[in-house]
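Chemist: Starting from these lines, generate the structure:
(one chain, ligands or ions: 1)
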Amino acid sequence: MKRSIFFKVFGGYLLIILAFAVLVLVFSFRAIKTFYLDTLSHNLEDLGRSLKFKAIPLLEEGRIGELDTFVKEFGKSISTRITIVDKEGVVLADSDENPEIMENHKFRPEIYRALAGHKSQAIRFSDTVQEDMLYVGLPIEMKGQVAGALRISLYLKDVNRLFSSLRTNIWRIVGLIMVLSLLGAFIFARSLSRPMKELRFASQRIASGDFDAKVLLKSRDELRELADSFNFMSEQIKELFTQLSRQKEELDSVLSSMEEGLIALDKNGEILFGNDSFKKIIANDRIEGKSYWEVLREPKFGELIRKVQEEKKNLAEEIMLKERTFLCSAAFLPSRQETVVTLHDLTRIRDLEKIKKDFVVNVSHELRTPLTAIKGYIETLYEEADAKSRNYLEIIRRHTDRLINIVKDLLLLSELEEKEFRLQTEKLNLKSLIESILKIFMPRIKEKKLCVKLTAEDSLPLIEGDPFKLEQMLINVIDNAVKYTKKGKIEISLKKEDRNVRIEIQDTGIGIPKEYLDRIFERFYVIDKSRSKKLGGTGLGLSIVKHIALLHNGDVYVKSTPGKGTTFTILLPF
Ligand code: ADP
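Modeler: Coordinates of the predicted model:
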């Protein structure tokens with residue numbers, strides 16, 4: 001059962017007030033009764049003392065009858081019983097009874113003590129009047145001697161009547177105090193619980209999305225501080241929420257205006273969100289809540305998602321969807337195990353690339369025959385020309401050779417880039433292959449007085465490769481080493497490594513500045529155009545090298561120090 005603050009505070013107060021009231025009543029009754037009886041006794045004592053002044057002369061003069069009459073009148077007028085006895089306890093006068101028929105009172109406790117010279121009081125049952133009474137006894141001294149005793153007594157029922165009216169008043173006062181205290185407790189408990197209630201309502205409103213909820217308290221206590229903090233907090237939340245909503249709106253509009261398709265998948269592959277472009281791509285509007293494979297039945301796409309979720313890393317792949325080519329980039333979000341996939345339409349780019357490639361291939365094919373013819377005619381003309389014309393013909397031949405090389409390299413690159421291209425592999429001994437290649441370069445090596453060294457480990461394994469393509473690859477690298485080395489040496493080493501054969505071609509040539517190292521494998525990239533042209537370079541050589549190495553599942557790296565030399569490392573798996 002829920003116990004509200006109000007009931008806790010109010011209930012607590014109620015218990016305290018009740019306990020307090022009971023204690024007050026019990027102790028106050030007792031104390032008041034004692035105090036009341038004491039006061040009464042003192043009053044009776046005072047009364048007795050004043051009575052003695054009247055009684056003593058009558059006693060001394062032996063006017064006992066007058067004494068009795070006086071006692072009876074006086075006793076009646078103050079509703080108090082008065083008894084006077086002599087020193088033997090014989091009743092001389094009594095306000096309520098005939099003294100002659102009354103028995104000896106010597107041994108009544110209050111009289112006994114009074115006759116002994118002490119004042120005394122007692123509450124006891126009176127045999128004479130058959131009632132509980134309050135007695136006060138006083139000695140009567142005459143000529144320095146106790147000559148009798150005066151007793152004043154009150155009916156206890158009168159005392160009790162007085163006392164009970166007092167008790168009723170106390171009850172009333174305590175009752176009034178209790179009611180006022182409870183009213184106070186009620187107001188206090190409510191003043192505590194009301195702000196709490198307001199705070200609770202306000203938090204419920206905030207929880208349900210109403211951030212305008214405010215708690216306004218008039219008090220100046222901690223609760224007011226709490227309310228102020230609450231209001232500040234709700235304002236902050238509102239601001240944050242507005243900011244988030246604005247960001248979400250912006251994100252939504254960015255996502256929906258994106259040309260790329262985008263979907264977010266949960267860890268089970270269920271679509272959480274898909275933008276308009278994605279819906280357009282798959283021609284389906286209702287995708288949220290469905291599994292991605294329900295809306296996109298492309299095995300390669302499924303494979304990509306599965307791999308991303310299993311390996312928990314970002315991957316991208318070109319995939320054909322509905323006869324269009326898309327670059328599908330899948331990003332894994334570790335915090336929520338979600339996957340976000342963007343689909344970038346590459347169809348136009350790929351079409352253009354194909355047109356460009358076809359154009360390059362066609363042009364290269366078309367150029368090859370006339371260039372070969374031109375070269376043939378230059379050779380013929382060269383034989384018959386004079387020295388001056390030979391000079392010109394030499395230049396024409398050099399440029400024709402360069403053109404032929406470019407056409408040859410372009411055709412080779414196009415061939416390597418063909419989707420259907422397959423390597424014609426066989427078991428190869430790399431050492432013999434390099435030895436035969438070096439023979440081609442011997443005249444130039446000798447001409448440049450270069451020192452060439454080939455070292456190979458004895459246990460070098462045969463590799464599975466395409467001999468013509470590998471030959472082409474190695475020719476390009478060794479050709480560069482010879483081309484760009486003026487003096488010094490070229491060292492070629494072959495080593496077995498893990499799963500690869502490592503070919504290192506190290507020269508002591510001009511080297512390559514660090515900033516160009518990343519770019520030299522790009523198509524047509526040359527560092528020094530005029531030097532490359534002069535040396536018959538095309539800028540395609542290293543691009544071909546990289547292609548061939550990758551087609552063999554290998555790779556190629558370069559390290560170089562300008563002015564000191566360059567090392568190309570080719571890894572080929574065996
Ligand atoms: P190129 O036909 O001009 O040699 P490559 O693609 O073979 O084209 O090489 C690209 C560029 O890399 C070259 O222009 C050259 O500047 C640089 N390069 C390649 N190999 C070496 C080398 N061994 N020493 C110095 N520079 C080199």
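Chemist: Does stretch 486-499 reach the ligand?
Modeler: No: against the ligand, stretch 486-499 shows no contacts by Cβ under 6 Å from any ligand atom, the least distance being 9.0 Å. Every C-beta, even on glycine, is put in place using the N, C-alpha and C of the backbone.
Chemist: what does that stretch contact?
Modeler: 430-431, 434, 438, 445, 448-457, 459-461, 478, 481-482, 501-510, 565, 571, 573-574 (Cβ atoms under 8 Å, 6 or more residues apart in numbering).
Chemist: Same check on stretch 411-429?
Modeler: Taking Cβ under 8 Å, 6+ apart as the rule, stretch 411-429 contacts 357, 360-361, 364-365, 368, 460, 462-470, 472, 523, 540, 543-544, 547-548, 551-552.
Chemist: how about a cut-off of 6 Å?
Modeler: When contacts are defined by Cβ atoms under 6 Å, 6 or more residues apart in numbering, stretch 411-429 is touched by residues 357, 361, 364, 462-467, 544, 547, 551.
Chemist: any chance of those in a markdown table, with secondary structure too?
Modeler: Converted to a markdown table, the contacts of stretch 411-429 look like this (DSSP: H, G, I helix; E, B strand; the rest coil):
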| residue | secondary structure |
| --- | --- |
| Lys357 | helix |
| Val361 | helix |
| Ser364 | helix |
| Leu462 | coil |
| Ile463 | strand |
| Glu464 | strand |
| Gly465 | strand |
| Asp466 | coil |
| Pro467 | helix |
| Ile544 | helix |
| His547 | helix |
| Leu551 | helix |
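Chemist: Just the closest of these to the ligand, please.
Modeler: Of all the contacts of stretch 411-429, Ile544 has the smallest distance to the ligand: 7.8 Å, by Cβ to the nearest ligand atom.
Chemist: Could you count how many residues lie near the closest one?
Modeler: Using other Cβ atoms under 10 Å, Ile544 has 22 neighbouring residues.
Chemist: Check Arg172 too.
Modeler: Arg172 - counted by other Cβ under 10 Å - has 10 other residues nearby.
Chemist: Need phi/psi at it.
Modeler: Main-chain torsions, Arg172, degrees, to the nearest 10: phi -60, psi -50.
Chemist: so what pLDDT did it get?
Modeler: The confidence metric pLDDT takes the value 90 at Arg172.
Chemist: if I look at the residue lying closest to Leu162 once chain neighbours are set aside, how far off is the ligand?
Modeler: Take Leu162 and drop its neighbours on the chain: the residue closest to it by Cβ to Cβ, 6 or more residues apart in numbering is Tyr36, 7.5 Å away. Per Cβ to the nearest ligand atom, to the nearest Å, Tyr36 is found 124 Å from the ligand.
Chemist: May I ask which helix or strand encompasses Tyr36?
Modeler: helix 5-60 (DSSP states H and E).
Chemist: mean confidence for that helix?
Modeler: On average, helix 5-60 scores 86.
Chemist: Next secondary structure after that helix?
Modeler: Taking DSSP H and E, what comes next after helix 5-60 is helix 64-77.
Chemist: in that following helix, what's buried?
Modeler: By neighbour count on 16 or more other Cβ atoms under 10 Å, the buried set for helix 64-77 is 67-68, 70-72, 74-75.
Chemist: So the residue of the stretch 251-400 of the chain found nearest the ligand, which state does it fall into?
Modeler: Proximity of the stretch 251-400 of the chain to the ligand (Cβ to the nearest ligand atom) peaks at Arg398, 14.2 Å away. Here Arg398 is helix, with the state taken from three-state DSSP.
Chemist: ok, and the closest non-adjacent residue to it?
Modeler: Nearest non-adjacent residue to Arg398 (Cβ to Cβ, 6+ apart): Gly536, at 7.2 Å.
Chemist: Okay, and the beta partners of Val556?
Modeler: Ile570 (DSSP bridges).
Chemist: okay if I get the contacts of stretch 411-429 as a markdown table plus distance to Gly274 and pLDDT?
Modeler: Below are the contacts of stretch 411-429 laid out as a markdown table (distance: Cβ to Cβ, whole Å; pLDDT from 0 to 100):
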| residue | distance to Gly274 | pLDDT |
| --- | --- | --- |
| Lys357 | 34 | 87 |
| Val361 | 40 | 90 |
| Ser364 | 44 | 91 |
| Leu462 | 52 | 93 |
| Ile463 | 48 | 93 |
| Glu464 | 45 | 93 |
| Gly465 | 46 | 95 |
| Asp466 | 45 | 95 |
| Pro467 | 51 | 95 |
| Ile544 | 43 | 95 |
| His547 | 38 | 95 |
| Leu551 | 38 | 95 |
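Chemist: who wins for most neighbours among those?
Modeler: If you count neighbours using other Cβ under 10 Å, the busiest of the contacts of stretch 411-429 is Gly465, which has 27 neighbours.
Chemist: Ignoring the adjacent residues along the chain, who's closest to it?
Modeler: Per Cβ to Cβ, 6+ apart, closest to Gly465 is Leu428, 5.0 Å.
Chemist: what do you get for Lys300?
Modeler: Leaving aside its chain neighbours, Lys300 sits nearest to Ile319 (4.8 Å; criterion: Cβ to Cβ, 6+ apart).
Chemist: Specify the local secondary structure of that neighbour.
Modeler: Three-state assignment for Ile319 (three-state DSSP): strand.
Chemist: partners of it in the sheet?
Modeler: Assigned bridge partners for Ile319, using DSSP bridges, are Phe326.
Chemist: Please parse the chain into its domains.
Modeler: What automatic domain parsing lists as the domains of the chain is 5-162, 212-257, 263-345, 350-417, 426-573.
Chemist: so how far is the last one from its chain's centroid?
Modeler: Between the centre of domain 426-573 and the centre of its chain there are 56 Å (Cα atoms, centre = their mean, to the nearest Å).
Chemist: measure that domain end to end?
Modeler: 13 Å (Cα to Cα, to the nearest Å).
Chemist: Please indicate which of the contacts of stretch 486-499 are buried?
Modeler: Buried among those by 16+ other Cβ under 10 Å: 430-431, 434, 438, 445, 450, 452, 456, 478, 481-482, 501-510, 565, 571, 574.
Chemist: just how off-centre is the helix or strand Leu393 falls within within its chain?
Modeler: For Leu393, the host element (DSSP H and E) is helix 387-417. Put simply, helix 387-417 sits 68 Å off its chain's centre (Cα atoms, centre = their mean).
Chemist: List the buried residues in stretch 301-317.
Modeler: Buried residues in stretch 301-317, counted by 16+ other Cβ under 10 Å: 301, 304-305, 308-309, 315.
Chemist: Other residues contacting it?
Modeler: Against stretch 301-317 from outside (Cβ under 6 Å, 6+ apart): 293, 319, 328-332, 339.
Chemist: Gly117 - how many residues pack around it?
Modeler: 11.
Chemist: picking that back up, in terms of secondary structure, what does the helix holding Tyr36 contact?
Modeler: strand 131-142, strand 145-155, helix 156-207 (3 or more Cβ pairs under 6 Å, 6 or more residues apart in numbering; DSSP states H and E).
Chemist: and the longest one, what does it pack onto?
Modeler: Translated: helix 156-207. helix 5-60, strand 131-142.
Chemist: Name the next helix or strand downstream of it, please.
Modeler: Next along the chain from helix 156-207, counting by DSSP H and E, comes helix 222-257.
Chemist: For that following helix, the averaged confidence score.
Modeler: On average, helix 222-257 scores 89.
Chemist: ok, now stretch 84-92?
Modeler: 92.
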